[in-house]
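Chemist: Kindly return the folded structure for what I paste below:
(one chain, ligands or ions: 1)
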Amino acid sequence: MRAPTVRFYGGVREIGGNKILIEDGPDRILFDFGPSFDPRFEEYYLDYLQPRSTSPVKDLLEFQLIPWIPGLYSREALAGLSERYEPPQIHAVFVSHAHFDHAGYLRYIDPEIPVHVGGGTRTILDAIDSSGTTSYGEHPWQTFGGKRAIRVGGLEVVPYPVDHSVPHAYGFIVRTREGSVVYTGDFRQHGPRAALTAEFVEAAVEEQPAALIIEGTRAGPDPRKNFTEQGVREGVDGLLARTPGLAMASCYPRDVDRLGTLYRAAVDSGRDLVVPLRTAYLLGALAGDRELEVPVPGRAPNLKIYRRPKKRYATWEQELLDEAVDSSWVRDHARESLLLIDVNQFPELIDLRPEKGTPYVRSMSEPFSEEDGNDRVLHNWLDHFGLRLEQFHASGHCSGAELIEIGRRIRARTFFPIHTEHPEAFEGEVENVRSPQKFVAYGLPDGREIA
Ligand SMILES: [Zn+2]
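Modeler: Numbers count the residues shown, from 1 in each chain. Alright, predicted model coming up:
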């Protein structure tokens, strides 16, 4: 029998878009399936110009923005290319966490292929799906907890919870006939659940794996400021104490830890945290999650829901409108409010009329480049209203130095850096670095290319 192999269909020299196929004899499993943050995508598709919903995979394949993997796509997703449809040849898909770049293309997968996600990830994906942002499609969903082995044919997959900027993120240890593969997913050591990451790394060290597939988001030059979650809290506390009127902030919509941090900072400074409908909906969906301490709309004091004027509200929104507040309420309660407002809701500023010098806390990562179009628009609006930008963010990712340290401890026979623009940053720092090429099969246990 042919040696087991690892093959990368995405996440190669790019941040996001990991698509990792592990094959062992007849068994084939795919890890993660979402779009990358490849600037090449925006060479063809932009906000107003998207693949047709009637032939999405065809329109993405045209520019190689999605890989061709036989027996993966559904008949429906392959509309316009039906001659290329093949019955499922992938036996399971595992999703490391609920971020778009890891789960955003699940809807194109054949509805017969089982999709394995953490229980909490399922809740988050459901909330996003039913609030109309992204559809993940119909699948035979399988949910896992932590550290219990799942068998797929002759392969064994053990999910390990890790800390990341969305709750319920996992790394995996995959056991093949010829040694183990450790896949980190996205992870960090400086967040509120750092202990989980430490346990995963420990287990990976003991496993003496043939291959370590490690994310490298922050490898190489990284001039961006990074705080711990506690550091973010202290920064925001100080800022709220110094601010006599309204304060505003934005964070990633699924960064539930950050929502908690901003909520507690608001409460301790005598303010209400005022959140958009979508955030309120997600917090409501996570109300029963015993591993998280989220403020629940309708129950948590000092949590208010902001309603933007809309011609028509979706059903999921209508249920939240009763107690929602609007721009005039926030204007009247400026001193008692910390308003969460994203750039895409900035037209509300025209009614909110914040005072000059009002702080706008960006609690998400700084732009990747000076030419970032969104960043230019953000600054135009802030300048127009005389708002002050403050940056407090704890990254969801390990620093480059931490990744090197982790690689040296795990001592895999092959070290595959992915989800990074700088795989070369590991060369000479960790042994056996192999910067993978897209579509090439690497054999186990030695990581050699297989023709
Ligand atoms: Zn990612």
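
Chemist: How many neighbouring residues does R52 have?
Modeler: Neighbours of R52 under the rule other C-beta atoms under 10 Å: 10. C-betas here are computed from N, CA, C, even on glycine.

Chemist: what does the one 5 residues further on give?
Modeler: Around V57 there are 23 other residues, counting by other C-beta under 10 Å.

Chemist: what's the answer for R411, then?
Modeler: The burial metric for R411, expressed as a neighbour count using other C-beta under 10 Å, is 15.

Chemist: cool, and R148?
Modeler: For R148, using other C-beta under 10 Å, the count is 9.

Chemist: Relative to A198, how far out is it?
Modeler: Spatial separation of R148 from A198 under the definition C-beta to C-beta, to the nearest Å is 19 Å.

Chemist: and if you look at W329?
Modeler: When C-beta to C-beta is applied, the distance between W329 and A198 equals 44 Å.

Chemist: again, but for H164
Modeler: H164 sits 14 Å away from A198, taking C-beta to C-beta as the criterion.

Chemist: got the contact list for the residue of the stretch 351-451 of the chain found nearest the ion?
Modeler: For the stretch 351-451 of the chain, the nearest residue to the ion under the criterion C-beta to the ion is H419, separated by 5.7 Å. With contacts taken as C-beta atoms under 8 Å, 6 or more residues apart in numbering, H419 has the following neighbours: G11, E14, I15, G16, G17, N18, D186, E215, G216, T217.

Chemist: what do you get if the cut-off is 6 Å, keeping everything else the same?
Modeler: Taking C-beta atoms under 6 Å, 6 or more residues apart in numbering as the criterion, H419 is in contact with G11, I15, N18, E215, T217.

Chemist: Same check on V57?
Modeler: With contacts defined as C-beta under 6 Å, 6+ apart, V57 is in contact with Y73, A77, L78, Y108.

Chemist: Give me the neighbour count for the last one.
Modeler: Think Y108. A total of 18 residues lie near Y108 under the criterion other C-beta under 10 Å.

Chemist: What are the contacting residues of the helix or strand of the chain with the lowest mean pLDDT?
Modeler: Taking mean pLDDT, DSSP states H and E as the measure, the chain has helix 41-44 as its least confident helix or strand, at a mean of 87. Helix 41-44 is contacted by residues F63, L65 when judged by C-beta under 6 Å, 6+ apart.

Chemist: which parts of it are buried?
Modeler: Buried residues in helix 41-44, defined by neighbour count with 16 or more other C-beta atoms under 10 Å: F41.

Chemist: Distance from the chain centre to the next helix or strand after that helix, please.
Modeler: From helix 41-44 onward toward the C-terminus, using DSSP states H and E, the following helix or strand is helix 56-61. For helix 56-61, the separation from the chain centroid amounts to 23 Å (computed by C-alpha atoms, centre = their mean, to the nearest Å).

Chemist: How about the secondary structure of R264?
Modeler: The three-state label given to R264 by DSSP: H, G, I helix; E, B strand; the rest coil is helix.

Chemist: any idea how far N18 is from the residue most central in space within the chain?
Modeler: Centroid-nearest residue in the chain: H99, 2.6 Å away (criterion: C-alpha atoms, centre = their mean). Here the criterion is C-beta to C-beta. By it, H99 lies 10 Å from N18.

Chemist: how about the strands in the stretch 301-450 of the chain?
Modeler: Secondary structure of the stretch 301-450 of the chain by DSSP state E, counting those that start in this stretch: the strands cover 303-306, 337-340, 359-363, 388-391, 414-418, 441-443, 449-450.

Chemist: How many residues are close by E336?
Modeler: For E336, the count of nearby residues is 17 (other C-beta under 10 Å).

Chemist: I'd guessed it sits against V274; true?
Modeler: No - taking contacts as C-beta atoms under 6 Å, E336 lies outside contact range of V274: 9.7 Å.

Chemist: Next to the ion in this structure, residues from the stretch 151-300 of the chain, please.
Modeler: The stretch 151-300 of the chain comes close to the ion at residues D186, as judged by C-beta under 5 Å from the ion.

Chemist: 8 Å instead?
Modeler: Proximity of the stretch 151-300 of the chain to the ion is confined to G185, D186, E215, T217 under the rule C-beta under 8 Å from the ion.

Chemist: give me every residue that touches the second one.
Modeler: Put plainly, it is D186. With contact taken as C-beta under 6 Å, 6+ apart, D186 is in contact with H164, E215.

Chemist: Leaving out chain neighbours, which residue sits closest to the residue nearest to the centre of the chain?
Modeler: Distance criterion C-beta to C-beta, 6 or more residues apart in numbering; nearest residue to H99, sequence neighbours excluded, is V166 at 5.7 Å.

Chemist: how many other residues sit next to that neighbour?
Modeler: 20.

Chemist: cool, F63 as well?
Modeler: Other residues within reach of F63 by the criterion other C-beta under 10 Å amount to 13.

Chemist: how much space between it and the ion?
Modeler: As defined by C-beta to the ion, to the nearest Å, F63 lies at a distance of 21 Å from the ion.

Chemist: Use 2 as the first number from now on
Modeler: Let's use 2 as the start, then, which means that last one is F64.

Chemist: Doesn't that residue lie inside a helix?
Modeler: No - going by three-state DSSP, the assignment for F64 is coil, not a helix.

Chemist: The residue nearest to H100 contacts Y253, doesn't it?
Modeler: No - with contact defined as C-beta under 6 Å, V167 and Y253 do not form a contacting pair (8.0 Å).

Chemist: Quick check: the residue nearest to the centre of the chain vs D447, distance?
Modeler: Taking C-beta to C-beta as the criterion, H100 is separated from D447 by 32 Å.

Chemist: P36 too?
Modeler: According to C-beta to C-beta, P36 stands 32 Å off from D447.

Chemist: of the two, who's got more company?
Modeler: P36 (19 against 14).

Chemist: Look up how far G81 lies from the more buried one.
Modeler: Distance, P36 to G81, by C-beta to C-beta: 19 Å.

Chemist: cool, and H385?
Modeler: Relative to G81, H385 is positioned 44 Å away (C-beta to C-beta).
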